[in-house]
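Asker: What follows is a predicted structure for the sequence shown.
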Amino acid sequence: MRPSFLYPLFAPIETLTGIGPRFASLIKSLCGNKVIDLLWHLPSNFIDRRCNVPLSHAVNGQIWTGKVHIIEHIAPKSRKQPYRIVVEDHSSQLILIFFKTFGDSITKQYPVGSERIISGKIEIFNNAIQMSHPDYCVDATYPEKMPLIETVYPLTAGISNKMLNKLEQQAMERFPLLDEWQDENLLQQQKFADFRTSLWKVHHPQKADDLLPTSVYRRRLAYDELLANQLSLALVRNRLKKQTGRVIKGTGILRKKVLEIIPFSLTNAQQRVIREIDNDMNSPYRMSRLLQGDVGSGKTIVALLTMLNAIECKAQAAIMAPTEILAKQHYDTLSDLCAKIGVRTALLTSNIKGRQRQNILNELQAGNIDILIGTHALFTDDVTFKDLAYVIIDEQHRFGVKQRLSLSAKGHLCDILVMTATPIPRTLVLTQFGDMEYSQIDELPVGRKPVTTTVMPLSKIHDVIEALKRKIQDGTQAYWVCPLVEESEKIDLSAATERFESLQKIFGSDVGLIHGKMKEKEKNAIMESFCNGSIKLLVSTTVIEVGVNVPAATIMIVEHAERFGLAQLHQLRGRIKRGFEASSCILMYGYPLSQIARERLQTMKQTENGFLIAEQDLKLRGGGEILGTRQSGFSNFRMADLSTQSDLLLTAHKDALLFLQKDPDFQSKRGQALKTLLYLFEQDDAIRTYHAG
Ligand code: ADP
Ligand code: MG
């Protein structure tokens, strides 16, 4: 249970004063539902009202603040004219201008003959100094009513910066004094202030540097968040390790048969990874392992060979793919091989319905299916296994810790392997998969030819089409990937459709179109035709991104490649890396071409190494794209920024492990304080996990 002194922070934002229902819903979509979410909403800038020069020195376009004497009000003669007030300091006059204002409130605010401190943007017009709608006007005897430095927050329509500042202020006042959870040495070494002070400072920037991730206050908050993340992952991991799982020790009989059938021998990396998985399965705790291997590195065979461990123990295994097409492809590959060695497989997707589905469910429960292959449909409630021992999740790096935990609840202490072709930088392995063991296939089967990548402007599209004509006549197949238009699938689609139609005029029935809005059935039919070669050129949106395997397709053209992220380009290019023939990737760019886009294209041209690409991506964009966290909202850090603060992550990682070694039960004073930290960053799950273990 969350400690009661944190309740005020986790109360709904409606509990703050001055929030009506309409305003509340705006704030919720901007920051979040809880009071503390306001505190995680970081400033983007600040307005400096400290400028203290005579009016005669005021600068056009800048904020001026100072004491003035109210001289006279000039009411408008017609509705079109503004209301004006003449004021002055000892050096000059200033005209205040108001549009659409009623005289009443204004005469009260600016009584003639009084002194006021005002602040606002100066406009100099034909030598006349003006200010329209001052930001502040306070009685000169109460100057403290105006903040000299005003924090500026990212806003949304309907919320003013002043309102948000007031709310932030209230939220800040609710922040209790907390015991320090960081190590004394670290505080000194990093020059960190305490948490509350740091939070306050972050919300009250005094100079431009205070807004940067390098500011010592921002770094402190980031470090706290990273430490909470690392602690909670380490807790989950420790718990899995303590849990007595089952020992799955295969006889090797089926594995031997498969190795005799397949026309290749395993790479060293595949062998090593299989040993790592075997060891986990053999041992009496639950496996939770991430397997990373670039496209074409041969993860499927690793999946099969390790699933056979479970089958040899008379248990069952399941493999889950993100899309129907991929599930089907796995099924085709695996069912062939399995049939030859007497292992029973079945495919289950949401399109398989009625009696057919019921049959599969019955057989599954009876234990007559050894390996179930499918999509998310595998884990709906009515699917029960006789004895599920091993689950493989393919291309699902977007799966979060919580989802992994709930998934494994399905089986009887089953082992979990998550496979991904996405190269994941070390920092992200630590923050997103820190609860798992990690294996990597860092070697491709021999004989793979490199992909030649060319970068050219879209203006050369006709040359590309000419070259493509010749290639297709020679029997080559190609992908044509259409531009991604942010936030609008509809526009994506119309771009792809347009391109498809124009290419159809040239290539006739050799061209096919596939996109995300198609029904699963239509997609499958198109993929089928592309696989069997009746379609030679496949125009698509990014639906082909993951896993599809067509060995004869060795050319890829990406239109408006500058709009794609690095990780995505790498995934796309992976599609043509499967063949043993030389293949080529043409990245066509349009304008405007940003510096980042230029660097991305350069990187793609220079290397095929997924890890270099991932590190570069992290540097350029901060990593959210790699894991798709921007879409899924999973574990987006609120304070930490891995592209600039990854040094803190490594420290936090070590710190968390060391602490848990010394004080696994959070008994010490620091332990107690660290628990508060976990609650503060809403790692309640980890604490529950800990208590459950
Ligand atoms: P991915 O890791 O991208 O899922 P796959 O498992 O689909 O890769 O393997 C890609 C292709 O490489 C398949 O046709 C597979 O049969 C083949 N393959 C796998 N391992 C080897 C190997 N050791 N030597 C040669 N070919 C291999
Ligand atoms: Mg694969």
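Answerer: Arrived safely, thanks for sending. Ligands and ions are numbered 1, 2, ... in the order given.

Asker: OK, contacts around the spatially closest residue to Gly610 that is not a sequence neighbour?
Answerer: What sits nearest to Gly610 in space, not counting adjacent residues and going by CB to CB, 6 or more residues apart in numbering, is Pro423, at 3.2 Å. No exception for glycine: its C-beta is placed from N, CA and C like everyone else's. If you count contacts by CB atoms under 8 Å, 6 or more residues apart in numbering, Pro423 has them with Gln292, Asp294, Ala567, His570, Gly610, Phe611, Ile613, Ala614.

Asker: What distance separates the opening and closing residues of stretch 350-359?
Answerer: End-to-end distance for stretch 350-359, by CA to CA, to the nearest Å: 14 Å.

Asker: now swap in stretch 46-66 and tell me
Answerer: Terminal-residue distance, stretch 46-66 (CA to CA): 18 Å.

Asker: any idea how far that stretch is from the chain center?
Answerer: Its chain's C-alpha centre and that of stretch 46-66 lie 41 Å apart, by CA atoms, centre = their mean, to the nearest Å.

Asker: same question for that stretch, mean pLDDT?
Answerer: If you average the pLDDT over stretch 46-66, you get 90.

Asker: Break this protein into its domains for me.
Answerer: 50-146, 253-441, 451-607 (automatic domain parsing).

Asker: for those domains, which one sits closest to ligand 1?
Answerer: domain 253-441 (2.8 Å; CB to the nearest ligand atom).

Asker: Point out where the stretch 101-250 of the chain drops to low pLDDT.
Answerer: 102-103 (pLDDT under 70).

Asker: What ranges does it have for its strands?
Answerer: Taking DSSP state E, counting those that start in this stretch to define them, one finds strands in the stretch 101-250 of the chain at 115-121, 123-125, 128-132, 136-139, 149-152.

Asker: Show me what the shortest one is packed against.
Answerer: Where contact means 3 or more CB pairs under 8 Å, 6 or more residues apart in numbering; DSSP states H and E, strand 123-125 is packed against strand 128-132.

Asker: List the neighbouring strands of the strand it packs on plus their orientation.
Answerer: Pairing partners of strand 128-132, with direction, according to DSSP bridges: strand 93-98 (parallel), strand 123-125 (antiparallel).

Asker: Return the most buried member of those strands.
Answerer: Among the strands paired with strand 128-132, judged by mean count of other CB atoms under 10 Å, the one packed with the most neighbours on average is strand 93-98 (a mean of 20).

Asker: near ligand 1, which residues of the chain?
Answerer: 264, 266-267, 270, 293, 295-301, 421, 445, 549, 578 (CB under 6 Å from any ligand atom).

Asker: Just the buried residues of the biggest strand by length in the chain, please?
Answerer: Longest strand in the chain, counting residues (DSSP state E): strand 63-74. Going by neighbour count (16 or more other CB atoms under 10 Å), the buried part of strand 63-74 is Ile63, Trp64, Thr65, Gly66, Val68, His69, Ile70, His73.

Asker: ok, then the element right after the helix or strand of the chain with the lowest mean pLDDT?
Answerer: Lowest on mean pLDDT, DSSP states H and E among the helices and strands of the chain sits helix 629-632, with a mean of 36. Once the chain leaves helix 629-632, the next helix or strand it forms, by DSSP states H and E, is helix 642-662.

Asker: Render the CA-only coordinates of that following helix in PDB, please.
Answerer: Output of helix 642-662 as PDB, limited to C-alpha atoms (Å, rounded to 0.1, in the frame of the first residue of the first chain):
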ATOM      1  CA  LEU A 642      18.200   8.400 -22.400                       C
ATOM      2  CA  SER A 643      19.700  10.200 -25.400                       C
ATOM      3  CA  THR A 644      21.500  12.600 -23.100                       C
ATOM      4  CA  GLN A 645      21.500  11.000 -19.600                       C
ATOM      5  CA  SER A 646      22.500   7.400 -20.300                       C
ATOM      6  CA  ASP A 647      25.500   7.800 -18.000                       C
ATOM      7  CA  LEU A 648      23.000   8.000 -15.200                       C
ATOM      8  CA  LEU A 649      21.300   4.800 -16.200                       C
ATOM      9  CA  LEU A 650      24.500   2.700 -15.900                       C
ATOM     10  CA  THR A 651      25.100   4.200 -12.400                       C
ATOM     11  CA  ALA A 652      21.500   3.500 -11.400                       C
ATOM     12  CA  HIS A 653      21.800   0.000 -12.700                       C
ATOM     13  CA  LYS A 654      24.800  -0.800 -10.500                       C
ATOM     14  CA  ASP A 655      23.300   1.100  -7.600                       C
ATOM     15  CA  ALA A 656      20.100  -1.000  -7.700                       C
ATOM     16  CA  LEU A 657      21.900  -4.300  -7.900                       C
ATOM     17  CA  LEU A 658      24.300  -3.400  -5.100                       C
ATOM     18  CA  PHE A 659      21.600  -2.200  -2.900                       C
ATOM     19  CA  LEU A 660      19.400  -5.300  -3.300                       C
ATOM     20  CA  GLN A 661      22.400  -7.400  -2.500                       C
ATOM     21  CA  LYS A 662      23.000  -5.600   0.700                       C
END
